[in-house]
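Enquirer: Show me how the following folds:
(2 chains)
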There are 2 protein chains.
Amino acid sequence: MEPCDQRLRDAFDPERFRAEGHRAIDLLADYLVRALAGASDLPVLPWRPPGELVAQWPAELAVGPSDDDVAALLPRVLAGSTHLHHPRYVGHQVTSPLPVAALWEMVSALLNNGMAVYEMGPVGTTIERSLLRWMGGVLGLGAAADGVLTSGGSLGNLTALLAARQAKAGFDVWSGGAHAGPPLAILACQEAHYSVRRVAAILGLGEAGVVSAPADERFRLRPERLDDARRAALAAGRRPFAVVASAGSTATGAFDPLEEVADFCREHDLWLHVDGAHGAALALSERLRPRLAGIERADSVVWDAHKMLLVPALATAVLFRDGRRSAATFAQEASYLYAPGAADENAWDVGTRTFECTKRMLGLALYAALRRHGTGFFAAYVERCVDLAASFAARLRRAPDFELATEPACNIVCFRWTPRGVGPGPALDQLQGRLRRRILAEGGFYLVQTRLPAGVFLRTTLIHPLTREADLEALLSTVRDAGRAEAA
Amino acid sequence: MEPCDQRLRDAFDPERFRAEGHRAIDLLADYLVRALAGASDLPVLPWRPPGELVAQWPAELAVGPSDDDVAALLPRVLAGSTHLHHPRYVGHQVTSPLPVAALWEMVSALLNNGMAVYEMGPVGTTIERSLLRWMGGVLGLGAAADGVLTSGGSLGNLTALLAARQAKAGFDVWSGGAHAGPPLAILACQEAHYSVRRVAAILGLGEAGVVSAPADERFRLRPERLDDARRAALAAGRRPFAVVASAGSTATGAFDPLEEVADFCREHDLWLHVDGAHGAALALSERLRPRLAGIERADSVVWDAHKMLLVPALATAVLFRDGRRSAATFAQEASYLYAPGAADENAWDVGTRTFECTKRMLGLALYAALRRHGTGFFAAYVERCVDLAASFAARLRRAPDFELATEPACNIVCFRWTPRGVGPGPALDQLQGRLRRRILAEGGFYLVQTRLPAGVFLRTTLIHPLTREADLEALLSTVRDAGRAEAA
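Expert: Numbering: from 1, shown residues only, chains lettered A, B, ... in the order given. Sure thing, here's the model as predicted:
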């Protein structure tokens, strides 16, 4: 045997994997104990200025092997990462995943079943298709619904809007190009996710290709203003083909009035895309389902499992009420990939329906978690998050030195610290930013910020399953203390 | 404590994770023993007709919990998946990953550091940036190179071509839209990956937006014909802005002559994008590096780590010779994400440079593997794969009843079985397809097929680190036996 072969055999040695694997499990389990307990020596975000960590993780790599195995490197990775399992993680809407989901991601990674074609992942493909049918059922999209899993909500919005363009542009943009017809436009609320503007720019619609309708005082699309946007697009020589509604929006978690938007789309023959990346999960709860009323009329919906379904990023479902739209989005053939076969067999090659060719077994972790815990578990979790946000909002309203941006519609709460003597304006805005940076540096909480029409607000997503009222009480004290230190 | 909280606590219990984790490690290690040994009771692909597995993985999910933990479900996932660790996996160019890489993917999944902004993943971001600098160095792109990791080669090609469009279209397509200028065109070899056509269609260039130059008899772009393609585009009223060259191509692994293509791009002020998803890894080997001569002149390069760098999908590097192009691709702001800060700090928010917002810690597994095994290990692996392909080609040339499509330029080998009495044509094409399906059903090998100008060929990628000469000898016997059975 050649020396290279021996090194490869060593690297692939199952017993080495077993030993390193057990060590990794123990290190991670020990880490979870500390993180979930919010250990006092574990800052939520171990803040270091960008660039400072390069010395630990340099770009220069040795030719020969080292002793840097999992046991050596993992503690350093843990020490320098943001701790989403810390109950005082209240930052971006990225979940603190179910630990068992990480095991399934390991399985997916090891098997590496590529998923573009059924042959490259029979179980992965089957699970993906079953999961999509289940999700379509939760949203009430009907028996003809179908879709695909893809790597993230931005790619999901791109996929849905490509289908929309093909269906409603009035000419074949995919084959004939944009110049075969007039410039197109997407109508959306000004609060829509920034990826919608990115998609418009990618598609060649330009920045004016997203025509915004204003939001109401609770950051919801005002459906009665949609026709103004439509007319403005037409007046600019553009042909609108889709409306993007949010459920909920990224900045504040607002739910656009989907029934009215669906009526508008039907009236004007426009595609209704609902960006439910964050909020579609509310459909799991009978109590919260009314906030999504009308979603069952959407032509397409994006739903991120890595937000409120407790699995790691990225795992996004793109669902089409008329499943044939999913198959028509990328009408193309690559002979090395898609061998001619019976039509019903080729329908199982999910690479025909997603921009990705190879992808991970994106549905495995979620499907396994749903089987293990049951759908009721997820419904209860979603309700808990939303209820906690309502309670937090009430707490903020009671505090004289805090201002709530709006009543939360889900589990995103925006607020600001408003000390006596500092009115709205740049000084107040900068104060929020400065006090947030201070909190990050101290490590007590991880929260983010956003700019709303009234100014800069602090932004929290109550997505951790074990964040408690006491943590939120402590958050207000922490903000107040940091604000006083910065205002001093 | 409320009942919901208790269920959440149970689901997040670190000791439960520990117990299930150890069980998962043992099951996977046992699986690796069998797969790597090519156990006789383990078909490479456990073929089942699409749909048959739905009974095991149904779309109907119970409200309540079940006993379906990792120990219960994992054996069924393993039994129904394609076994990339079987040394007779010679299918698509998706790697059989280093087992330890799967451990790092578990770490990435559990930590779930979102990576759009530095705050959401200080270590992940640092590793990503160091990895990109190292990769840029391997390719010789120079000190100003920079880039981003993204979810897959298709998205990588999209990202690079967006930068190309912005740099070379002659007008600001991102802001002003496609109609602000003439229709654009991408020049590429007819052998370019199908995602290039997808990108063109997405961008609104239409199917005629990719103008193809013919390939030579070894499936390489013929640079002397590029100017014909350019003139054809101009004659059709299109403005070419980029040339896509392959290193190597997907169907046959051909390397386009990059020096000549770079000369052409310089002469005509076109962006040179090199799709090195598969073949850029050859740069690791001093001996093989000449096949990529000229790649250091590319404006952008895509390089998939999940192909020849032994880590799980998806992990793709998009590298720009002028790193500022990376930052300029998606020029946009989302206030809830990118808080105003010092310019050098914001440069660390990688979400500004990729279509994705949230993503996984895509560089962790590769960086850790490079640290552990050294760069020489990967160079030796790549050389082994390429040498094995050359040896397999020689074996095919010696066999009177086999036809080699072309001398392999890397580790992709295309060939067909040509029994006496069946000349080129539909009968021979169908025979390749039928014998391949028979082999898949029997499970002895996993190989794919592709259509070349001369007809349908079987296609193998020798990417498994432990595939041996004896396996390839057995492959020829297996093809011959399957062919005879089908021809009978």
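
Enquirer: After the lowest-mean-pLDDT helix or strand in chain A, heading C-terminal, what element do we hit next?
Expert: The helix or strand of chain A with the poorest confidence is helix A:343-346; it has a mean of 60 (mean pLDDT, DSSP states H and E). Note on helix A:343-346: by DSSP states H and E, the next helix or strand toward the C-terminus is helix A:364-373.

Enquirer: quick one: average confidence on that following helix?
Expert: Mean per-residue pLDDT for helix A:364-373: 98.

Enquirer: Show the subsequent helix or strand relative to it.
Expert: helix A:375-398.

Enquirer: Just the C-alphas of that following helix, formatted as CSV.
Expert: C-alpha atoms of helix A:375-398 as CSV (Å, rounded to 0.1, in the frame of the first residue of the first chain):
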residue,chain,number,x,y,z
THR,A,375,-46.5,18.6,16.0
GLY,A,376,-48.2,19.7,19.3
PHE,A,377,-44.8,20.2,20.8
PHE,A,378,-43.9,22.8,18.1
ALA,A,379,-47.3,24.4,18.4
ALA,A,380,-46.8,24.8,22.2
TYR,A,381,-43.3,26.2,21.6
VAL,A,382,-44.6,28.8,19.1
GLU,A,383,-47.4,29.9,21.5
ARG,A,384,-44.9,30.2,24.3
CYS,A,385,-42.7,32.5,22.3
VAL,A,386,-45.6,34.7,21.2
ASP,A,387,-47.0,34.8,24.7
LEU,A,388,-43.7,35.7,26.2
ALA,A,389,-43.4,38.6,23.7
ALA,A,390,-46.9,39.9,24.7
SER,A,391,-45.9,39.7,28.3
PHE,A,392,-42.6,41.5,27.6
ALA,A,393,-44.5,44.2,25.7
ALA,A,394,-46.8,44.7,28.7
ARG,A,395,-43.7,45.0,30.9
LEU,A,396,-42.3,47.7,28.6
ARG,A,397,-45.5,49.7,28.6
ARG,A,398,-45.5,49.7,32.4
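
Enquirer: Pairing partners for the very next helix or strand once past it, with directions?
Expert: Next helix or strand after helix A:375-398 toward the C-terminus (DSSP H and E): strand A:402-404. Strands adjacent to strand A:402-404 in the sheet, as given by DSSP bridges, are strand A:412-417 (antiparallel).

Enquirer: how far does the next helix or strand after the partner strand sit from the chain's center?
Expert: On the C-terminal side of strand A:412-417, the nearest following helix or strand under DSSP H and E is helix A:426-442. Chain-centre distance of helix A:426-442: 25 Å, with C-alpha atoms, centre = their mean, to the nearest Å.

Enquirer: helices and strands around the following helix or strand past helix A:426-442, which ones?
Expert: Per DSSP H and E, helix A:426-442 leads on to strand A:448-452 as the next helix or strand towards the C-terminus. Applying 3 or more C-beta pairs under 8 Å, 6 or more residues apart in numbering or on different chains; DSSP states H and E, one finds that strand A:448-452 contacts helix A:426-442, strand A:455-461. No exception for glycine: its C-beta is placed from N, CA and C like everyone else's.

Enquirer: Name the stretch among the ones you listed that sits most buried.
Expert: Counting by mean count of other C-beta atoms under 10 Å in any protein chain shown, strand A:455-461 has the highest mean neighbour count of these, with a mean of 24.

Enquirer: contacting residues around that one?
Expert: A:90-93, A:251, A:253, A:392, A:405, A:411-417, A:424-425, A:428-430, A:432-433, A:436, A:447-451, A:475, A:479, B:336 (C-beta atoms under 8 Å, 6 or more residues apart in numbering or on different chains).

Enquirer: Swap in 6 Å and give it another go.
Expert: The contact list for strand A:455-461, computed with C-beta atoms under 6 Å, 6 or more residues apart in numbering or on different chains, reads A:90, A:93, A:405, A:412-416, A:424, A:429, A:432, A:447-450, B:336.
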